[in-house]
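Asker: predicted model follows, preceded by the sequence.
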Amino acid sequence: MPPFTVLHVCMGNICRSPMAERLLVLAVRERLGRLGVDASGADGLVHSHSAGTGGWHAGEEMNPPAARQVTARGGDVAGFAARKLRSDLIDAADLVLTATADQQEYVVALRPDAAARTFVLGEFGRLLGALSTDGLPPAEATPEGVYARGVALVAAADAAREGAGTLPTDDLDDPWGRGDQCFSRVADEIEETVQPLAAALLP
């Protein structure tokens, strides 16, 4: 059983999507810790990774202010290297979260069959907050349990947005070159989605 795979997408893959990638990892680890489960197995439950639509920063480390936000919140930035978005990354993802509506459109244009599992990050957080989890598979801290619940959660979110568009407030501002205060605000907005996502996936 594969881990439930979340692909985060922004433009350069050095600011927003890396923060989302590592802050989701952190949220899953913290959730497991509260359950008394060994957090070293988090990657086997949820695989969080990222890529950029631009690709010109491929191989670079996370932008320093972005890295500071992740580490200040208890996350880990080790081993990160930016990369360009590829079709196979989309194909392998159970959930694609983009920083903006433009990037969502880019993903869907590249892989139309991914439309039902591709959301703007803020949009997904907004939908998640309104969803009832009553009809979902039970929350279990096992690969099978997290995968089944995650896939059902994405399907429920897709059904909930039927006919509705994204809101301008769903987009994450690009903090590139705008200083730590802006990066902190964007990281806060990311946490508003990834922390409830981790909570929805795990008991």
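Answerer: Okay, I see it. Residues are numbered from 1 along each chain as shown.

Asker: report the buried residues of stretch 187-198.
Answerer: Of the residues in stretch 187-198, 187, 189-191, 193-198 count as buried by neighbour count, 16 or more other CB atoms under 10 Å. Quick note: C-beta positions are derived from backbone N, CA and C, even for glycine.

Asker: how near is the residue of the chain positioned farthest from its centre to P196?
Answerer: Distance from the C-alpha centroid of the chain peaks at G36, with 23.8 Å (CA atoms, centre = their mean). Per CB to CB, to the nearest Å, G36 is found 21 Å from P196.

Asker: endpoints of stretch 31-41, how far apart?
Answerer: Start-to-end span of stretch 31-41 (CA to CA, to the nearest Å) is 12 Å.

Asker: show residues contacting that stretch.
Answerer: Here stretch 31-41 makes contact (CB atoms under 8 Å, 6 or more residues apart in numbering) with 28-30, 42, 45, 141, 198-199, 201-203.

Asker: how about those in TSV, adding pLDDT and distance to T100?
Answerer: What follows is the contacts of stretch 31-41, written out as TSV (pLDDT from 0 to 100; distance: CB to CB, whole Å):
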residue	pLDDT	distance to T100
V28	96	24
R29	95	27
E30	95	27
A42	86	27
L45	95	28
A141	91	33
A198	97	23
A199	95	25
L201	96	24
L202	94	28
P203	83	32
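
Asker: neighbour-wise, which of those residues leads?
Answerer: Among the contacts of stretch 31-41, V28 has the most neighbours (other CB atoms under 10 Å), with 29 neighbours.

Asker: which other helices and strands does the lengthiest helix in the chain contact?
Answerer: When the chain is parsed with DSSP state H, its longest helix is helix 180-201. Where contact means 3 or more CB pairs under 8 Å, 6 or more residues apart in numbering; DSSP states H and E, helix 180-201 is packed against helix 16-35, helix 64-72, helix 121-130, helix 143-160.

Asker: and the longest one, which residues are buried?
Answerer: The reference is to helix 16-35. 16-32.

Asker: likewise for stretch 171-187?
Answerer: Residues of stretch 171-187 classed as buried by neighbour count (16+ other CB under 10 Å): 171-172, 174-176, 182-184, 186-187.
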